[in-house]
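K.L.:
with the input below, show me the fold.
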Amino acid sequence: MPSFVQPCDEAVISAKKLFAPCPAAARPWILAATILGSSMAFIDGTVVNVALAALQADFNASVADVQWVVEGYSLLLTSLLLVGGSLGDRYGRRRIFLFGVALFSCASLFCAFAANIQQLIAARALQGAGAALLVPGSLAIIGAAFEGEARGRAIGTWAGFTAITTAVGPVMGGWLIEHVSWRAIFLINIPLALAVWLIASKHVAESRDPDEKGRLDWFGAVLVTFGLGLLVYGLIRASQTGFHQPSVVLSLIAAALLLAGFLFFESQISNAMLPLALFRSRNFTAANLLTLLLYSALGGSLFFLPLNLIQVQGFSATAAGAALLPFVLIMFLLSRWAGGLVRRYGARLPLVFGPMIAAAAFALFALPGTRATYWSGFFLAIALLGLGMTISIAPLTTTVMNSVPPHRMGVASGINNTVARAAGLLAIAVFGIVMLDVFGRTLDSRLSMVNVPAEVKQAIKNQRIKLAGIQVPETISPAVREEIRDAINQSFVSGFRTIMLISAALAFLSGIVSLILIEGRGVDHQKP
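P.N.:
Numbering: from 1, shown residues only. Model prediction:
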């Protein structure tokens, strides 16, 4: 999921006790270090989607394999995000930030030189752990270095530049994939990490929160990491083998037990990473339910969009990377206007109409066939999705922040960001099941109408877990090969349309959640 559409993190630092604002001369350097550091994590969260087709080809990988390339990163980032912020507050924000930079850069090297898909998945998980230290650390450093109105401007600058770099990242990554190698998208992190390390070491002062006491919730982090990991494993495995396999059943049962244990454990301790008492606020619960639905639609659907553009529509990697630029530009240009909607109408009304517009955009994605151009097939849907998300994000953040007391805003924002990331994590796994099922059934039907030997048909069917990455045997005539390729592409589009319609339903449902559950204008403080 594009990280530039995550709910705002300003409250993560606004509610902390911060110290020793830095000299004015150091502030541009601090912004440079935090923007570059965060941008590495954000870019690698999106640029890999453009590389999925190349990874399939180079490693002869299945869709489940490339799902794990994305999911491994998201799993560790999602599970450790809240812990990463607490580590910085306790042991020093600069120290943890720099440790995150080092871990992320080492993992990037591991990614670049991975010899097989399993090594790449492991390296991506390490990258996710590094990102979980980088992202909250960068915001906390800004909060420690700036105060008053300067802090707000600094956060705005950070948000703007990270959005731009995150948007440009897939374009640059697509060019590197097309003209150099997919490995180059990871190697580019090394000079960036070196620059961040040098700037932060020289210009960023150390800061801590003296009130950060008690034991960190490591046990909760372990429970949620393994619980989500087993859940994602079970779902991805089920997409290949069905739900009847013992490994799938055991994984899903173990995941349910671990996640239930996590919720129970969090309800019993005082230093919980997920304070369940916050969910006593109706608006907070509604906002997070909306986040779960809307970001499931966004993250799950955008995983398959680059595969459609590259493998079915024939876009270059560079063009596929540039496809979402209208989305980003609309968000960048209209974010101030969207903030004004909250001030004028409150949060509830935009949180009804924004998701509804996003739902219409997902429905538009279901229209193009196998020979669509960007402008006739995808541009309007991407632009409309950008408008819907722009209208939704500011009121969503407002509702989350104003549904809890001021001293819990940081935790509330962190929880909402974690829910958004977890939504994409789970949606990719669930949508994979849907895609493989629809693709397989449609492919069987279309291949039955192609006059080729039974062994050729079986060879095609045996590769169905590669979706549109299936390799058609070279031994048959060009005309028949073209017919089979068309059957594969049509089958992928059938699955893609199903996913987009499910995304439309989820987005529409998130708007209904706002209409029914969010009380008043969604801007009044509640006391959980």
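
K.L.:
CA only for contacts and neighbour counts going forward, please
P.N.:
Will do.

K.L.:
who's in contact with Asn288?
P.N.:
Shown in contact with Asn288 (C-alpha atoms under 8 Å, 6 or more residues apart in numbering): Val400, Asn416, Val419.

K.L.:
which of the residues you listed fall within helices?
P.N.:
Members of the contacts of Asn288 lying in helices (criterion: DSSP state H): Val400, Asn416, Val419.

K.L.:
surely the last one meets Thr291?
P.N.:
Yes. Shown here, Val419 and Thr291 form a contact pair, counting by C-alpha atoms under 8 Å, at 6.8 Å.

K.L.:
looking only at neighbour counts, state which of the two leads.
P.N.:
Legend: neighbour count by other C-alpha atoms under 10 Å for Val419 and Thr291, higher for Thr291 (27 against 22).

K.L.:
mind checking how far that one is from Leu120?
P.N.:
30 Å (C-alpha to C-alpha, to the nearest Å).

K.L.:
over to Leu367?
P.N.:
34 Å.

K.L.:
mind putting the contacts of Asn288 into JSON lines with pLDDT?
P.N.:
Formatted as JSON lines, these follow (pLDDT from 0 to 100):
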{"residue": "Val400", "pLDDT": "86"}
{"residue": "Asn416", "pLDDT": "86"}
{"residue": "Val419", "pLDDT": "91"}
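
K.L.:
so what's the residue count around Val222?
P.N.:
15.

K.L.:
Leu367 and Leu120: which has the busier surroundings?
P.N.:
More crowded of Leu367 and Leu120, by other C-alpha under 10 Å: Leu120, with 24 against 15.

K.L.:
so the more buried one sits against Ala114, correct?
P.N.:
Yes. Leu120 is within contact range of Ala114, at 5.3 Å (criterion: C-alpha under 8 Å).

K.L.:
in this protein, what helix or strand scores lowest on average pLDDT?
P.N.:
helix 10-14 (a mean of 46; mean pLDDT, DSSP states H and E).

K.L.:
the chain - how does it break down into domains?
P.N.:
Here the domain parsing of the chain from automatic domain parsing is 1-214, 218-268, 280-528.

K.L.:
and Phe113, how far from Leu187?
P.N.:
Phe113 is 9 Å from Leu187, where distance means C-alpha to C-alpha.

K.L.:
repeat that for Lys466.
P.N.:
27 Å.

K.L.:
and the two? which has more neighbours close in?
P.N.:
It is Lys466, of Lys466 and Leu187, that has more neighbours when counted by other C-alpha under 10 Å, with 22 against 17.

K.L.:
and the pLDDT for that one?
P.N.:
Lys466 carries a pLDDT score of 89 in this model.

K.L.:
wait, doesn't it sit right on Val63?
P.N.:
Yes. The pair Lys466 and Val63 passes the contact test of C-alpha under 8 Å, sitting 5.1 Å apart.

K.L.:
which neighbours do the two share?
P.N.:
With C-alpha under 8 Å, 6+ apart, Lys466 and Val63 have common neighbours Gln56.

K.L.:
give me the helices and strands touching the helix or strand Phe226 falls within, please.
P.N.:
Using DSSP states H and E, Phe226 sits within helix 218-241. Contacts defined by 3 or more C-alpha pairs under 8 Å, 6 or more residues apart in numbering; DSSP states H and E place helix 218-241 against helix 63-91, helix 246-268, helix 409-447.

K.L.:
just how off-centre is the longest one within its chain?
P.N.:
Okay, so that is helix 409-447. 11 Å (C-alpha atoms, centre = their mean, to the nearest Å).
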